[in-house]
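1. Pasting the sequence and the predicted coordinates here, then a few questions.
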Amino acid sequence: MRIDLGLILAVVLECISFIYYSNTLFYRKRSIVFCETIIIIGYMIHFIICIFGNTSINLITFVALNIVLFMSCFYINNKTAIFQGSILGFLSAVCELIANYVLKLGINENNLIDISATQSIIFTVSGKTLYLVAIMMLIYVFRKNNKYTYIYSILLAMIPTMTIAVMIFAVTLSINNYLQLIVCALCILIDIIVFIVNQNIITQSLEIEVLKLQLETEKKHFEDCLMLKHLDHDMNEHLDALYSLIDHDNLQAKNYINSIKSVKQKLTNVVDYTDNTMINIVLSKKINECNDNGINFSLDPVLSELKFFKDMDAVTIFSNLINNAIESCENSLEKKIYMKIYTVNTNFVVIKIENSSDKKPLVIDGKLKTYKNNEQLHGIGINNIKQALKKYNGTLSWSYDEQMKRFCIMITIQHINKQLLISDVKNHI
């Protein structure tokens with residue numbers, strides 16, 4: 001059996017590298033705490049197996065462990081999990097072989113248990129540094145569509161590569177074990193700093209990409225609805241003016257104007273469901289979309305006053321609510337959406353939308369996500385709704401009935417009168 005600092009450090013670095021690699025490329029099935037706990041426990045089991053010093057068993061266990069962790073904690077299919085686990089196992093083995101050969105450590109399966117503490121540390125630091133560099137390069141390959149972000153990973157990978165060169169230089173000088181350990185400690189410290197910096201760069205870049213995507217999506221929704229709002233308003237004004245100018249006996253002209261109105265009505269088809277023009281445009285547009293896709297959309301008569309919604313917020317809240325419902329219905333056998341907007345105790349507006357949903361809602365890190373193929377689109381709609389609701393002291397809750405296969409979102413907006421009063425005071429100021 002072999003238990004030393006080098007082996008412990010090797011397993012710790014492998015565990016950190018796996019967390020970095022998997023979290024960068026894939027979406028977790030469960031919370032980050034749960035997934036990382038499972039990963040740490042898995043690598044602790046791997047450490048127990050490694051202490052017996054059988055390299056073949058160690059490698060097989062390493063590959064099998066990674067495959068199981070990929071399947072258990074991340075949204076990837078079995079073939080991808082096997083491929084990714086095998087790739088990591090191959091990289092780990094190759095990096096250790098390179099470190100052993102370049103530094104001339106003379107480590108093999110027969111003497112692995114009997115190597116000195118210094119050899120173990122040098123072998124671990126050099127091999128796992130190469131492994132980290134290889135993983136950073138691999139992430140760049142798999143995420144090549146984000147070249148701007150991951151070019152920094154390639155540049156940062158040069159620093160751990162330099163630490164390998166320093167270690168080679170230190171070993172060739174034949175300095176004493178104490179100095180070699182100091183060099184190893186400095187090298188591993190630098191590698192850890194590079195790892196943290198690289199993680200921060202990737203995290204910030206992904207956040208920026210998501211924010212840009214949010215902005216583009218909301219801008220498109222708002223521009224479409226604003227165009228329809230202006231068309232609906234201005235067209236009526238122009239036609240009314242033409243009616244007053246044309247001679248009352250000019251039947252042909254009137255018929256022509258009626259035909260224009262008919263075309264306009266087909267184009268916009270805006271129904272006055274509420275007292276808010278922008279909400280009417282969104283509802284009309286989405287209900288037509290549901291009809292075109294064979295989705296039964298039911299809307300109870302709306303008696304609540306919704307004029308307090310600003311145009312941008314109205315588009316954000318209602319378009320995202322209905323978009324999520326449509327997406328769920330498209331993947332369900334029963335295609336039904338039911339919406340109800342009502343007032344409670346004169347101070348609360350409740351917006352309730354139910355839809356068919358054969359799939360249980362996807363929750364990652366405690367947040368409601370969608371089943372979109374593009375991972376960057378996960379949860380953007382719900383997040384945008386929550387951001388818009390903050391202006392109205394509103395809350396969002398959701399529930400899922402597994403027996404009825406129905407998903408429900410309920411929005412409650414409190415103290416409307418107070419909210420309007422505050423808004424009016426701010427405008428006057």
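-> Now that the structure is in, tell me what you want to look at. Remember, it's a predicted structure, so these values are computed and weren't measured experimentally.
2. Leaving out chain neighbours, which residue sits closest to D311?
-> Counting by CB to CB, 6 or more residues apart in numbering, D311 lies nearest to M278, which is 4.6 Å off, once chain neighbours are set aside. In short, each C-beta sits where N, CA and C put it, glycine included.
3. and the one you found, how far is that from K352?
-> Applying CB to CB, to the nearest Å, the value for M278 to K352 is 20 Å.
4. Among the two, which residue is more densely surrounded?
-> Legend: neighbour count by other CB atoms under 10 Å for M278 and K352, higher for M278 (22 against 16).
5. Thought V315 was touching the more buried one, still the case?
-> Yes: judged on CB atoms under 8 Å, M278 makes contact with V315 at a distance of 6.2 Å.
6. one step back: over to the residue nearest to D311. Which of the three states is it?
-> helix (DSSP: H, G, I helix; E, B strand; the rest coil).
7. what's the spacing between it and I40?
-> Separation of M278 from I40 (CB to CB) stands at 50 Å.
8. Quick one: residues contacting G89.
-> Applying CB atoms under 8 Å, 6 or more residues apart in numbering to G89 gives the contacts L59, F62, V63, N66.
9. could you dump those residues to JSON lines with distance to I32, pLDDT and secondary structure?
-> Listed next are the contacts of G89 as JSON lines, based on distance: CB to CB, whole Å; pLDDT from 0 to 100; DSSP: H, G, I helix; E, B strand; the rest coil:
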{"residue": "L59", "distance to I32": "28", "pLDDT": "88", "secondary structure": "helix"}
{"residue": "F62", "distance to I32": "23", "pLDDT": "92", "secondary structure": "helix"}
{"residue": "V63", "distance to I32": "24", "pLDDT": "92", "secondary structure": "helix"}
{"residue": "N66", "distance to I32": "18", "pLDDT": "93", "secondary structure": "helix"}
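10. Helices of the stretch 201-350 of the chain, residue ranges please.
-> Secondary structure of the stretch 201-350 of the chain by DSSP state H, counting those that start in this stretch: the helices cover 251-268, 277-292, 311-330.
11. Might you list the low-confidence residue ranges for the stretch 101-250 of the chain?
-> 109, 111-112, 143-161, 163-178, 180-181, 198-199, 201-250 (pLDDT under 70).
12. ugh, wrong one, I meant the stretch 251-400 of the chain
-> By pLDDT under 70, the low-scoring segments of the stretch 251-400 of the chain are 251-269, 362-380.
13. Repeat the analysis, applying 80 as the threshold.
-> Along the stretch 251-400 of the chain, the parts satisfying pLDDT under 80 run over 251-270, 346, 359-384.
14. how close does K307 sit to V63?
-> Using CB to CB, K307 is found at 62 Å from V63.
15. between the two, which one's more packed in?
-> Using other CB under 10 Å, the more surrounded residue of K307 and V63 is V63, with 19 against 12.
16. What sits closest to the more buried one if chain neighbours are left out?
-> V63 sits nearest to G89 (CB to CB, 6+ apart), 3.6 Å away.
17. what does the model give the one you found for pLDDT?
-> At G89, the predicted lDDT confidence score is 90.
18. Please, which helix or strand holds it?
-> Secondary structure from DSSP states H and E places G89 in helix 78-102.
19. rewinding a little: out of the contacts of G89, which is most surrounded?
-> Greatest neighbour count in these, by other CB under 10 Å, goes to N66: 27 neighbours.
20. In contact with it: list those residues for me.
-> Shown in contact with N66 (CB under 8 Å, 6+ apart): F18, Q84, G85, L88, G89.
21. same thing but at 10 Å, please
-> Counting by CB atoms under 10 Å, 6 or more residues apart in numbering, N66 makes contact with 14, 18, 21-22, 39, 42-43, 46, 81-82, 84-89, 92.
22. before we move on, what about F26?
-> For F26, the contact set (CB under 10 Å, 6+ apart) comprises F70, C73, F74, Y75, I76, T80, A81, Q84, F142, E375.
23. count of neighbours near I193?
-> Other residues within reach of I193, judged by other CB under 10 Å, total 12.
24. part of a helix, is it?
-> Yes: remark: I193 belongs to a helix, assigned using three-state DSSP.
25. ok, it to I135 distance?
-> The spacing between I193 and I135, counted by CB to CB, is 16 Å.
26. Repeat that for D114.
-> 30 Å.
27. More neighbours: these two, which one.
-> Set side by side, D114 and I135 show more neighbours around I135, with 23 against 10, by other CB under 10 Å.
28. residues contacting the more buried one?
-> By CB under 10 Å, 6+ apart, the contact list for I135 reads 17-18, 20-21, 24, 87-88, 91-92, 95, 153, 157, 195.
29. Can you tell me which of those residues comes closest to K390?
-> Closest to K390 out of the contacts of I135 is T24 (30.3 Å), distances taken as CB to CB.
30. What is the helix or strand hosting that closest one packed up against?
-> Per DSSP H and E: T24 is located in helix 5-25. Helices and strands touching helix 5-25, as assessed by 3 or more CB pairs under 10 Å, 6 or more residues apart in numbering; DSSP states H and E, comprise helix 32-50, helix 55-73, helix 78-102, helix 117-142, helix 177-245.
31. what mean pLDDT does that helix have?
-> Helix 5-25 carries an average pLDDT of 84.
32. before we move on, what about stretch 410-426?
-> Mean predicted confidence for stretch 410-426 is 59.
33. wouldn't F90 be in contact with E96 here?
-> No: F90 lies out of contact with E96 (CB atoms under 10 Å); the separation is 11.2 Å.
34. Between these two, which is the more surrounded one?
-> More neighbours surround E96 than the other of F90 and E96, with 23 against 13 (other CB under 10 Å).
35. Which residue comes closest to the more buried one once chain neighbours are left out?
-> Closest residue to E96 in three dimensions, ignoring its sequence neighbours and counting by CB to CB, 6+ apart: G127, at 4.1 Å.
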